[in-house]
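Engineer: From the sequence below, what's the structure:
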Amino acid sequence: TIVATTYDLFNRKLFSLPKVMLLPMVMSRQPKMMAQIFPIIFFTDWIKGRAVSYMTNRIENLQKEVQDLSSIRSKVEAFDIKNAELLQRAGPGATDFTRRRWEELTVQVQMKNVVKEL
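Structural biologist: Below is the predicted model:
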């Protein structure tokens, strides 16, 4: 929720302030160590940013695919319901085909939703 997120953010910033205040003292005592650590910190932050960006794009693509599949499924269901009488007259093969098609679309939507939630 928004309140929990805001509280966590405030809490992290508040308790990281003493660590930041120690940084100049550490830098003055250990300049060689700081010169070695800063590139690693920047590199890991860059890697994290790239990973988060990739995951965000992937989730957005999955959401779009889910919406597209749901739209297709709705259109197929509407068409089949509209033509239910013709399907019944066509015989059991047509109704089995229709049932399988609905199941396939539903399974695809559900699988993409599961992957998106991971």
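Engineer: C-alpha from now on. contacts and neighbour counts both.
Structural biologist: OK.
Engineer: Residues touching stretch 47-63, excluding its own?
Structural biologist: For stretch 47-63, the surrounding residues in contact (C-alpha atoms under 8 Å, 6 or more residues apart in numbering) are 112, 113, 116.
Engineer: Quick check: of those, which lies closest to residue 27?
Structural biologist: Closest approach between the contacts of stretch 47-63 and residue 27, by C-alpha to C-alpha: residue 116, at 43.2 Å.
Engineer: Apart from its chain neighbours, what residue comes closest to the closest one?
Structural biologist: residue 59 (5.6 Å; C-alpha to C-alpha, 6 or more residues apart in numbering).
Engineer: one step back: now, the contacts of stretch 47-63 that are in strands?
Structural biologist: In strands, judged by DSSP state E, none of the contacts of stretch 47-63 are found.
Engineer: Redo those as CSV? Include distance to residue 100.
Structural biologist: CSV is the format used below for the contacts of stretch 47-63 (distance: C-alpha to C-alpha, whole Å):
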residue, distance to residue 100
112, 18
113, 20
116, 24
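Engineer: Distance to residue 4 and pLDDT for these - can I get that in CSV?
Structural biologist: Listed next are the contacts of stretch 47-63 as CSV, based on distance: C-alpha to C-alpha, whole Å; pLDDT from 0 to 100:
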residue, distance to residue 4, pLDDT
112, 28, 89
113, 25, 87
116, 23, 81
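Engineer: and which of the residues you listed is nearest residue 23?
Structural biologist: Out of the contacts of stretch 47-63, the member with the shortest distance to residue 23 (by C-alpha to C-alpha) is residue 116, at 39.8 Å.
Engineer: who touches the closest one in this structure?
Structural biologist: Counting by C-alpha under 8 Å, 6+ apart, the residues that residue 116 touches are 59, 62, 63.
Engineer: Show me these that map onto strands.
Structural biologist: Going by DSSP E, the strands hold none of the contacts of residue 116.
Engineer: how about the helices in this structure?
Structural biologist: Along the chain, the segments classed as helices by DSSP state H run 2-29, 31-82, 84-90, 92-117.
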